[in-house]
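A.B. asks: Compute the structure for the input listed below.
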Amino acid sequence: MRKQRWIRRAAQRAMTLVEIMIVVAIIGMVVGGVAYGAFNQFEKAKLQNAKKEVSVIKGAIEIWSTQNVGQTLTSLDQLYKDKLLNKDPKDPWAQPYQFKCPGEHDTDSCDVWSNGKDKKSGSADDIKSWQ
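C.D. replies: Numbers count the residues shown, from 1 in each chain. All right, here's what the predicted structure looks like:
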């Protein structure tokens with residue numbers, strides 16, 4: 001008799017499989033929502049970083065041009081070698097930044113741009129120094 005009472009109490013206190021599945025589903029939804037928000041913030045941070053780096057590279061090109069009058073910059077690697085940039089100039093999508101001196105849009109200086117997330121030049125997601 002005691003044994004039967006103990007079994008009934010244990011069964012009443014135990015969680016059913018359905019209850020466990022509901023808890024797991026709720027946890028999954030919360031984690032999914034947090035991950036979605038974090039991913040969006042990560043993409044926004046990449047865009048902001050690329051805009052900042054385009055500006056920094058443009059400034060470094062202008063400094064290089066004043067130090068090397070009459071010479072033409074052929075590669076952004078030269079800015080890194082001359083210690084005008086702290087790191088090898090790659091955009092957040094691991095592609096090299098593009099430049100043209102003298103610029104078509106900024107004729108007094110150079111045009112600098114990143115091809116953006118899609119890695120295609122001339123698309124809507126390009127990050128440009130003349131915008």
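
A.B. asks: Which residues are in contact with the residue nearest the centre of the chain?
C.D. replies: Among the residues of the chain, the one closest to the centroid is residue 46, at 2.7 Å (Cα atoms, centre = their mean). Neighbour list for residue 46: 92, 93, 117 [criterion: Cβ atoms under 8 Å, 6 or more residues apart in numbering]. C-beta coordinates here come from the backbone N, C-alpha and C atoms, glycine included.

A.B. asks: hang on, the last one in a helix?
C.D. replies: Pointing back at residue 117 there. No - Residue 117 is assigned coil when assessed by DSSP: H, G, I helix; E, B strand; the rest coil, not a helix.

A.B. asks: ok, the residue lying closest to it once chain neighbours are set aside - contacts?
C.D. replies: Spatial nearest neighbour of residue 117, chain neighbours left out: residue 125 (5.3 Å); criterion: Cβ to Cβ, 6 or more residues apart in numbering. By Cβ under 8 Å, 6+ apart, the contact list for residue 125 reads 116, 117, 118.

A.B. asks: And the buried ones among those residues, selectable in PyMOL?
C.D. replies: Buried residues among these (16 or more other Cβ atoms under 10 Å), as a PyMOL selection:
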select buried, resi 116+117
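
A.B. asks: And the contacts of residue 125, which is closest to residue 21?
C.D. replies: Among the contacts of residue 125, residue 117 lies closest to residue 21 (Cβ to Cβ), at 37.7 Å.

A.B. asks: measure the closest one to residue 86 for me?
C.D. replies: Distance check for residue 117 against residue 86: by Cβ to Cβ, to the nearest Å, it reads 24 Å.

A.B. asks: next one: residue 25
C.D. replies: From residue 25 over to residue 86 the distance is 47 Å, taken as Cβ to Cβ.

A.B. asks: show me where pLDDT drops low in this protein?
C.D. replies: 1, 6-14, 106-107 (pLDDT under 70).

A.B. asks: Tell me which stretches of the chain form strands.
C.D. replies: Secondary structure of the chain, counting by DSSP state E: strands at 98-100, 111-114, 127-128.
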